[in-house]
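> take a look and give me a structure for this.
(chains A and B)
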Amino acid sequence: MEASGVGSERARLATAGARATVAAKLSDRSRRDVALNTAFAALLLAAVTIALGGLAALLAQAFVRGAPALSLDLFTNTPSTLRPETAGFRPAILGSLELIAGVVLFVVPIGIGSAIYLEEYADKTRWWNRAVEVTIQNLAAVPSIIYGILGLGFIVRGPLDLGFVLVAGSLTLALLVLPLVIIASREAIRAVPDSIRQGSLALGATQWQTIRRQVLPASVPGMATGVILAISRALGEAAPLLLVGATVFVTFDPTPFGDGFSAMPVQIFDYAKRPQEAFQTLAFAGVIVMVGVLLAMNSFAIWLRNRYERTW
Amino acid sequence: MVSPRLQAPGPRHGEKAIQGLLALCALLSVLTTIAIVLSLLGPTIGFFEVVPAGDFFFGIDWTPQFEPPSFGVLAIVAGTLNVALWAMLFAVPIGLGAAVYLSEYASPRVRRTVKPVLEILAGIPTVAIGIFAVSFLLPHAIQPIWPDDLLGGAEKPFMALAASLGVGLMVVPIIASISEDAMSAVPSGLREGAYAMGASKRKVATRVIFPAAISGIVASIVLAISRAVGETMIVLIAAGSTPSFSLWPNEPVQTMTAYIAVIATGDLPTDSIDYKSVFAVGSLLFLATLAMNLLSIRLVRRYREVYE
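This next block holds a predicted model:
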């Protein structure tokens, strides 16, 4: 009894001693170290705060300065060079909608088709398939103004020779966002496990039947997310449109092949350039409208991804 | 009993046709690249028939509107570098700081909210960022803290730094998001091993995670530089339109992209030297961003190979 008491006392002492030694070793940090750790964490927090603060300031400024011009007139009035109080965004909004409709018509079949080919058919050991892949990755990062030059030199003039029409703008934007759609769709297709394909093939389905009835339905949410993000990118682009003929004195509703069209970001840019305060207010009101639409679209895309994403 | 027929009744032409059609879709991206090169090439060659290559590549005066015009591209290359340099000095620490915070310090809940919010920043139209830069950042963030006697003060309607901060804000999410992905992809065994050896969070982040994720981090920075160099609207709105061969952040500058946007707006005659100069500058811009993109693609592929 007593011996075991001494023994357990010894064990307790030994354990405590060992623990103290380990603790001392582990906390063998100078004051300088501790201060550095705190400073490092503070710097990281500051970095996040500055990034989020920038976003918050941008939104707050647009809201404060644009609020006076926010009214339904923005959507129905046409631009004016002289009377900012009755100027609006009607042709620009319609122009943007028509541009986006064209982008969707072009980009959905071709983008998804490319993704299917690269994921389901292409033999990745062949150099030409790898070349296509690198080409797409590079195109995703080519500056948008270069697409404007492509639009100007190839679509407006040159081989296609469409002239400065809305369809030319639509095609230019479509080529700009095509790589984004392809990359997102490929990821969606890749997320479908191979066992699904093998099961389908084992039951006698052809490769296309397998893709059509198994792979595509399972990857629709991912593709839809990619398409929405691509649309929101196309909606915000102004630079390429400047080169393919988007103008700002469009006071009529734009048509696909009629001369002259406008778009939201281009119109905002024009109002922002003018010195009069009233036009500035109008520009900020336009920013509110655009950011509102884009936020709604991006939130919808994120919701779609989270809601329908399947884990296999 | 149905007799099993394991072979197709005949050659499936439909299947082949579909495969061919899909291959054509993929080919369109290659054709786009070829079309970009072709549309740049013709007028660029035409440009160099008029302007000697030496004057273009080594001249520092960009005055196309003067008589005689001078096409020294270094002036607008300097403008581009000026904006990109100060933008990266702002965005790299902020972006990497945010990435380390999200990957190593933040609780899962904080990460789930902060990451999508940062991605919203990536979705703001650059026109809006440009307006923000010139009407908020310049008067409220730069001019109040800029010393009066530094480089001739900051009381100017346009300066490169305003555009730089705008561009920096635009690329922060790119750096943060790609770097965070690379850091999260570092196997947790490395992290746990370091903690078991008694390393502090800071040591784990700076000595273990950072080196292990370095190629992804570098790729994100290269991609961000490529974006900064190619950005048009922010510099068009906030940087002014005076070409100047300078890297000082308080100078108004014109970038390559801004020049293209200013000159090519409207219906230029295709045989004018102005029209051709747009394509010559565009070629240079395309080659510069192409080199950076290929480098970044290579780096991303390398870090994927290591940990997957």
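> I'd say B:Gly168 and B:Met88 touch.
Yes: shown here, B:Gly168 and B:Met88 form a contact pair, counting by C-beta atoms under 8 Å, at 7.3 Å. C-beta coordinates here come from the backbone N, C-alpha and C atoms, glycine included.
> any shared contact partners between these two?
Here B:Gly168 and B:Met88 share the contacting residues B:Ala228, scored by C-beta atoms under 8 Å, 6 or more residues apart in numbering or on different chains.
> the two - which one has more neighbours?
Of the pair B:Gly168 and B:Met88, B:Gly168 is the one with more neighbours under other C-beta atoms under 10 Å in any protein chain shown, namely 32 against 20.
> list the contacts for the more buried one?
Neighbouring residues of B:Gly168 by C-beta under 8 Å, 6+ apart: B:Trp86, B:Ala87, B:Met88, B:Leu89, B:Phe90, B:Ala91, B:Ile94, B:Ala228.
> just the buried subset of those residues, please.
With neighbours counted using 16 or more other C-beta atoms under 10 Å in any protein chain shown, the contacts of B:Gly168 contain these buried positions: B:Trp86, B:Ala87, B:Met88, B:Phe90, B:Ala91, B:Ile94, B:Ala228.
> one step back: quick check: of the contacts of B:Gly168, which lies closest to chain A?
Proximity of the contacts of B:Gly168 to chain A, judged by C-beta to the nearest C-beta, is greatest for B:Ile94, which lies at 4.7 Å.
> give me the subset of the buried ones among the contacts of B:Gly168 touching chain A.
With the criterion set as C-beta under 8 Å from any C-beta of the partner chain, the members of the buried ones among the contacts of B:Gly168 near chain A are B:Ile94.
> out of the buried ones among the contacts of B:Gly168, who's nearest A:Trp128?
Using C-beta to C-beta, B:Ala228 comes nearest to A:Trp128 of those, at 32.4 Å.
> A:Leu36 versus that closest one, what's the distance?
When distances are taken as C-beta to C-beta, to the nearest Å, B:Ala228 and A:Leu36 turn out to be 31 Å apart.
> could you do B:Thr44 as well?
Counting by C-beta to C-beta - B:Thr44 and A:Leu36 are separated by 53 Å.
> same question for A:Ala47.
When distances are taken as C-beta to C-beta, A:Ala47 and A:Leu36 turn out to be 16 Å apart.
> go on, A:Pro254?
Distance of A:Pro254 to A:Leu36, given as C-beta to C-beta: 60 Å.
> for these two, indicate the residue with more neighbours.
The neighbour comparison of A:Pro254 against A:Leu36 (other C-beta under 10 Å) goes to A:Pro254, with 24 against 15.
> and that one, helix, strand or coil?
coil (DSSP: H, G, I helix; E, B strand; the rest coil).
> check contacts around the closest residue to it other than its chain neighbours.
Using C-beta to C-beta, 6 or more residues apart in numbering or on different chains and skipping the chain neighbours, the partner closest in space to A:Pro254 is A:Phe261 (4.0 Å). By C-beta under 8 Å, 6+ apart, the contact set of A:Phe261 is A:Pro91, A:Gly95, A:Glu98, A:Leu99, A:Val165, A:Leu166, A:Gly169, A:Gly245, A:Ala246, A:Thr247, A:Val250, A:Pro254.
> show me what contacts the residue of the stretch 201-312 of chain A found nearest chain B?
Of the residues in the stretch 201-312 of chain A, the one nearest chain B is A:Gly236, at a distance of 3.2 Å by C-beta to the nearest C-beta. A:Gly236 makes contact with A:Pro265, A:Met290, A:Leu294, B:Gly123, B:Ile124, B:Pro125, B:Thr126, B:Val127, B:Ala128 under the criterion C-beta under 8 Å, 6+ apart.
> now the strands: where do they sit in chain B?
Taking DSSP state E as the criterion, chain B carries its strands at B:62-63, B:70-71.
> minimum distance to B:Pro187: which of those has it?
When these are compared for distance to B:Pro187 using C-beta to C-beta, the nearest one is strand B:62-63, at 50.7 Å.
> hmm, stretch A:134-144 touching chain B?
Yes: contact check for stretch A:134-144 against chain B, using C-beta under 8 Å from any C-beta: residues in range are A:Val134, A:Thr135, A:Ile136, A:Gln137, A:Asn138, A:Leu139, A:Ala141, A:Val142, A:Pro143, A:Ser144.
> pull out the buried members of those.
Among the residues of stretch A:134-144 next to chain B, those buried by neighbour count (16+ other C-beta under 10 Å) are A:Thr135, A:Ile136, A:Gln137, A:Asn138, A:Leu139, A:Ala141, A:Val142, A:Pro143, A:Ser144.
> shaky segments in the stretch 201-312 of chain A?
Low-confidence regions of the stretch 201-312 of chain A, defined here as pLDDT under 70, cover residues A:248, A:309-312.
> go again using 80 as the cut-off
With pLDDT under 80 as the threshold, the stretch 201-312 of chain A has low-confidence stretches at A:245-260, A:305-312.
> around chain B, pick out the residues from it.
Taking C-beta under 8 Å from any C-beta as the criterion, the stretch 201-312 of chain A approaches chain B at residues A:206-208, A:229, A:232-233, A:235-239, A:242-243, A:245, A:265, A:268-269, A:272-273, A:280, A:283-284, A:287, A:290-291, A:294-295, A:298, A:302.
> among those residues, the buried ones, what's the PyMOL command?
Selecting only the buried entries of those in PyMOL, with 16+ other C-beta under 10 Å as the criterion:
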select buried, chain A and resi 207+208+229+232+233+235+236+237+238+239+242+243+245+265+268+269+272+280+283+284+287+290+291+294+298+302
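> quick one: A:Val167 and A:Ala101 touch, right?
No: with contact defined as C-beta under 8 Å, A:Val167 does not reach A:Ala101; the gap is 10.7 Å.
> give me the residue at the spatial middle of chain A.
The central residue of chain A, meaning the one whose C-alpha is nearest the mean C-alpha position (C-alpha atoms, centre = their mean), is A:Leu229 at 4.3 Å.
> and that one, helix, strand or coil?
When the structure is reduced to helix, strand and coil (three-state DSSP), A:Leu229 reads as helix.
> which residue ranges of the stretch 151-300 of chain B form helices?
Per DSSP state H, counting those that start in this stretch, the stretch 151-300 of chain B carries helices over the ranges B:160-184, B:188-196, B:201-203, B:210-212, B:214-230, B:233-238, B:256-264, B:273-307.
> now render these as a markdown table, adding distance to B:Val100 and mean pLDDT.
As requested, these are exported to a markdown table (distance: least, C-beta to C-beta, whole Å; pLDDT from 0 to 100):
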| stretch | distance to B:Val100 | mean pLDDT |
| --- | --- | --- |
| helix B:160-184 | 7 | 91 |
| helix B:188-196 | 13 | 88 |
| helix B:201-203 | 9 | 88 |
| helix B:210-212 | 8 | 89 |
| helix B:214-230 | 10 | 90 |
| helix B:233-238 | 26 | 91 |
| helix B:256-264 | 31 | 89 |
| helix B:273-307 | 16 | 83 |
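> relative to A:Arg212, which of these is closest?
Proximity to A:Arg212, assessed across those by C-beta to C-beta, is greatest for helix B:273-307 (30.1 Å).
> does that closest one reach chain A?
Yes: for helix B:273-307, a contact with chain A is found by C-beta under 8 Å from any C-beta, at B:Val278, B:Phe279, B:Gly282, B:Leu285, B:Phe286, B:Thr289, B:Leu290, B:Met292, B:Asn293, B:Leu294, B:Ser296, B:Ile297.
> for the residue nearest to the centre of chain A, give me its contacts.
Neighbouring residues of A:Leu229 by C-beta under 8 Å, 6+ apart: A:Leu180, A:Ala184, A:Asn298, A:Ala301, B:Gly123.
> secondary structure class for the residue lying closest to B:Thr206 once chain neighbours are set aside?
Here the nearest residue to B:Thr206 in space, its sequence neighbours aside, is A:Phe40; by C-beta to C-beta, 6+ apart that works out to 7.8 Å. Using three-state DSSP, the three-state assignment for A:Phe40 comes out as helix.
> with A:Gly226 instead?
If you use three-state DSSP, then A:Gly226 falls in the helix class.
> quick check: longest helix of chain B.
Taking DSSP state H as the assignment, the helix of chain B that covers the most residues is helix B:13-50.
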